[in-house]
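S.K.: what would the 3D arrangement of this be:
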Amino acid sequence: MIVRVDEIGLKIKNKFIFMNQLKSNIKKVFKNDFLYHVVNNRIYLEPLNNESLDVLNLKKLEKIFGIHSYSFAEKVEEDFEKVKIKAYETLEKSLLDKKIDTFKVSVNRADKTFPLKSPEIAAKIGAYILEKRPELKVNLKNPDITVEIDIRNDGIFVFSNRYKGPEGLPVGVSSNGTVLLSGGIDSPVASILMLRRGMNINAVNFYSPPFTGMKSLNKILKLSSKISEYIPFPFNVYIVPLTKIQLLFKDLKENKFSVILQRRSMMRIANKISEITGTNVLITGESLGQVASQTLENLLTISAASKKEILRPLIGFTKNETINLSKKYGLYEISIIPYEDSCSIFVPEKPATKSKKEKISELEASIAELLNLEEEALTTSKKFEIFDGKIEEINSFKYIKRGSL
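M.R.: Here you go, the predicted model:
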């Protein structure tokens, strides 16, 4: 198996850090099924048994960020006759799976010491295939199949398909962050986009018992499980009860600011979880102007409640662009399952579209019990760990003040 990179290949002095992280992430998924070798811009997976090359199992490579493409390849001795035979055998295997009328031979002669040049190799192998299969035709622009010959210093590799990877950077090379995760469309996509840039993440979800029940929790865990398929590490999700805080804001005289006040409380709680779990930034699925709380004025007011930097990877996306990404990463069908959202339950009839942080800070200062309720919400939260398809509830929140979240 040949795994290729693209963006990582542009790195110079620190390329080995990215390649070793990618190798480590692949190994976490496939464990001891392969021997793993990093050579320049490639990682070779040498199977230890035939089951390792199961096509469905290897589809997991399509969820490992950092991979540009991968191919099932066979390594051949530096003997042109053997290369010809292997190229024909590779084409024959493809004929078993689908009807083929046209083909092309593509040669990459990275090892310049090989005695024949690329056009000569392609012509000779093409002629050999036509001898064996005279009914086939050569099509250099749009062939049914391309037989590729990759001649490198570490060997000659023959293959016929390049399967697309998810690209990006390997998770773990770009620090870590805490996602404010809802059951909607946006924040799960924001999670994936940060993973694709190499950031490892955990997540905080806010719920409103008894107004949100088990269906909402199950949906969040289902979404989190789907996100975890792109993470080679345990994915921790913190479920925080927000009801008491929301009821405080609901009963305010100026409750048109209640959603902004809620979001600021969420930010403060998420900051504490970020501090305890050692992440460096917060991540949200907010998009400029999408709803009342996401006008520039309100985003600035909300951001002021956070000590941590807030990354908003969807800030300039349209809703349709986000939906398309949600579908691409297999999140959409889960995201559209009907459920009660913590933020939407207590939305006022006319929410404020503009706010000033000074005014909001005054309102918060007038609520004596607010900070205590935020602390209570934190210490009565639930923690779930998701890894390798398994979801486990971890009972460690009672130790939160001593730093064990």
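
S.K.: for the rest of this, base every contact and every neighbour count on C-alpha atoms.
M.R.: OK.

S.K.: would you map the strands across the stretch 51-200 of the chain?
M.R.: For the stretch 51-200 of the chain, the strands defined by DSSP state E, counting those that start in this stretch occupy 69-71, 74-76, 102-109, 137-138, 145-152, 155-159, 163-164, 176-180, 200-207.

S.K.: quick one: the helix or strand Ser274 falls within to chain centroid distance?
M.R.: Here Ser274 sits within helix 258-277, counting by DSSP states H and E. Helix 258-277 sits 24 Å away from the centroid of its parent chain (CA atoms, centre = their mean, to the nearest Å).

S.K.: give me the mean pLDDT for that helix.
M.R.: Per-residue pLDDT values across helix 258-277 average out to 96.

S.K.: got the buried residues for that helix?
M.R.: Within helix 258-277, the residues scored as buried using 16 or more other CA atoms under 10 Å are 258-275, 277.

S.K.: repeat for stretch 304-323
M.R.: Going by neighbour count (16+ other CA under 10 Å), the buried part of stretch 304-323 is Ala304, Ala305, Ser306, Lys308, Ile310, Leu311, Arg312, Pro313, Leu314, Ile315, Thr322, Ile323.

S.K.: inside helices: which ones of the residues you listed?
M.R.: The members of these that map onto helices under DSSP state H are Thr322, Ile323.

S.K.: reformat the buried residues of stretch 304-323 as TSV; add distance to Arg152 and pLDDT.
M.R.: Below are the buried residues of stretch 304-323 laid out as TSV (distance: CA to CA, whole Å; pLDDT from 0 to 100):
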residue	distance to Arg152	pLDDT
Ala304	55	97
Ala305	55	97
Ser306	52	97
Lys308	47	97
Ile310	45	98
Leu311	42	98
Arg312	43	98
Pro313	39	98
Leu314	41	98
Ile315	44	98
Thr322	41	98
Ile323	42	98
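
S.K.: for the buried residues of stretch 304-323, which one is nearest Leu22?
M.R.: When the buried residues of stretch 304-323 are compared for distance to Leu22 (CA to CA), Pro313 comes out closest, at 22.8 Å.

S.K.: contact partners for the closest one?
M.R.: Contacts of Pro313 were listed using CA atoms under 8 Å, 6 or more residues apart in numbering, and they are Ala190, Leu193, Met194, Ile283, Thr284, Gly285.

S.K.: burial of the second one, as a residue count?
M.R.: Burial of Leu193, expressed as a neighbour count using other CA atoms under 10 Å, amounts to 16.

S.K.: likewise for the first one?
M.R.: A count of nearby residues for Ala190, using other CA under 10 Å, gives 26.

S.K.: equivalent analysis for the fourth one, please.
M.R.: For Ile283, the tally of surrounding residues (other CA under 10 Å) stands at 24.

S.K.: same question for the third one.
M.R.: Around Met194 there are 23 other residues, counting by other CA under 10 Å.

S.K.: repeat for the last one
M.R.: A total of 22 residues lie near Gly285 under the criterion other CA under 10 Å.

S.K.: Ile336 too?
M.R.: 12.

S.K.: I figured it hits Ser182, correct?
M.R.: No: assessed by CA atoms under 8 Å, Ile336 is found out of contact with Ser182, at 11.8 Å.

S.K.: off-centre distance for stretch 189-203?
M.R.: Centroid separation between stretch 189-203 and its chain, computed with CA atoms, centre = their mean, is 6 Å.

S.K.: so what touches it?
M.R.: With contact meaning CA under 8 Å, 6+ apart, stretch 189-203 is reached by 65-66, 166-181, 227, 230-231, 235-238, 279, 283-285, 312-314, 322, 325-326, 329, 331.
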